[in-house]
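1. from the sequence below, what's the structure:
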Amino acid sequence: MTRDISPDVSKIRLLLTEPHPCSYLEDRSATTAFVDPDLEIDTELYARMSAMGFRRSGPYLYSPYCNSCNACVPARIPVLDFTPNRSQKRCWKRNRDIEVAQVDSIDFAEHYPVYEAYISRRHHTGDMYPPSQAQFEQFLGNSWDCTNFLEFRVNDRLVGCAVIDVLPKALSAIYTYFDPEESARSLGTLAVLFQVKLAQRLSMDYLYLGYWVSDCQKMNYKTNYQPLELLQENSWSLY
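-> Below is the predicted model of the structure:
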């Protein structure tokens with residue numbers, strides 16, 4: 001089944017999946033809308049689709065498209081107005097020994113063990129478990145021209161990575177994984193803070209965080225970043 005979206009992008013086809021178990025809320029089904037994979041998407045169009053609530057996963061742009069549920073709410077940080085809270089400031093200071101490198105490609109052999117440990121220890125009840133090399137390369141290794149990787153290292157040892165897409169006026173946080181043995185460092189928080197600083201340094205407007213689901217505990221962390229904007233009823237407004 002296909003469906004047109006906004007009049008500004010009316011020539012874009014959306015391909016709808018069959019209903020499947022929801023990744024965020026138990027006992028609910030979900031439908032996902034994928035942008036036609038045959039469409040050539042440049043960063044300008046990608047940015048427009050992001051502003052409409054679409055996300056990237058591997059080679060695809062997608063959005064939840066559930067008939068009876070609108071719990072998945074796109075979220076973004078207006079980075080120029082962002083102010084870290086006390087906990088976030090402590091996280092930044094606690095990780096002063098971490099070196100961060102922004103690269104456009106990664107060594108899969110080095111990164112996959114970190115990803116595998118992260119999924120196995122932190123997300124063993126999720127739909128990405130069990131991890132595999134093929135899954136890793138499809139999900140994160142299938143980078144676009146705008147994709148960068150932020151490698152986090154301690155004494156040259158890889159402890160985490162944040163995958164980002166660099167859009168004309170925003171960064172999009174695709175995924176972060178880290179060594180679960182380093183959980184005390186709060187590397188997930190550090191990754192968001194670093195992306196905010198990078199967006200500020202590049203004079204960008206936003207950092208897209210993906211979807212916030214109010215009844216999903218693992219999504220609650222996104223409201224810790226203030227101010228936060230949510231896309232509801234086709235309009236972005238402060239949380």
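
2. M49 touches V35, doesn't it?
-> Yes. With contact defined as CB atoms under 8 Å, M49 counts as touching V35 (6.9 Å). (Each C-beta comes from the backbone N, C-alpha and C, glycine too.)

3. the most centrally placed residue in the chain: which element?
-> Taking CA atoms, centre = their mean as the criterion, I174 is the residue nearest the geometric centre of the chain, at 3.0 Å. Here I174 sits within strand 170-178, counting by DSSP states H and E.

4. identify the residues contacting that strand?
-> Contacting residues not belonging to strand 170-178 are listed as 47, 50, 55-57, 76, 114-115, 118-119, 139-140, 147, 152, 159-165, 185, 187-188, 191-192, 195, 198-199, 202, 204-210 [CB atoms under 8 Å, 6 or more residues apart in numbering].

5. what about stretch 101-114, how long is it end to end?
-> 16 Å (CA to CA, to the nearest Å).

6. hmm, back to that, check which residues of the strand holding I174 are buried.
-> By 16 or more other CB atoms under 10 Å, the buried positions in strand 170-178 come out as A170, L171, S172, A173, I174, Y175, T176, Y177, F178.

7. so what's T32 up against?
-> So T32 contacts L16, T17, H20, Y62, S63, P64, Y65 (CB under 8 Å, 6+ apart).

8. same check on Y62?
-> Y62 touches T32, A33, F34, V35, F54, R55, R56, counting by CB under 8 Å, 6+ apart.

9. count of residues packed around Y46?
-> Using other CB atoms under 10 Å, Y46 has 22 neighbouring residues.

10. not counting sequence-adjacent ones, nearest residue to it?
-> Once flanking residues are discounted, Y46 sits nearest to L167: 6.1 Å by CB to CB, 6 or more residues apart in numbering.

11. now for that neighbour, how many residues are close by?
-> L167: 22 neighbours (other CB under 10 Å).

12. could you do H20 as well?
-> Using other CB under 10 Å: H20 sits among 11 other residues.

13. now for the spatially closest residue to it that is not a sequence neighbour: which residues touch it?
-> Nearest residue to H20, sequence neighbours excluded (CB to CB, 6+ apart): A30, at 6.0 Å. Contacts for A30 were tallied using CB under 8 Å, 6+ apart; they are P19, H20, P21, C22, S23, P64, C66, C69.
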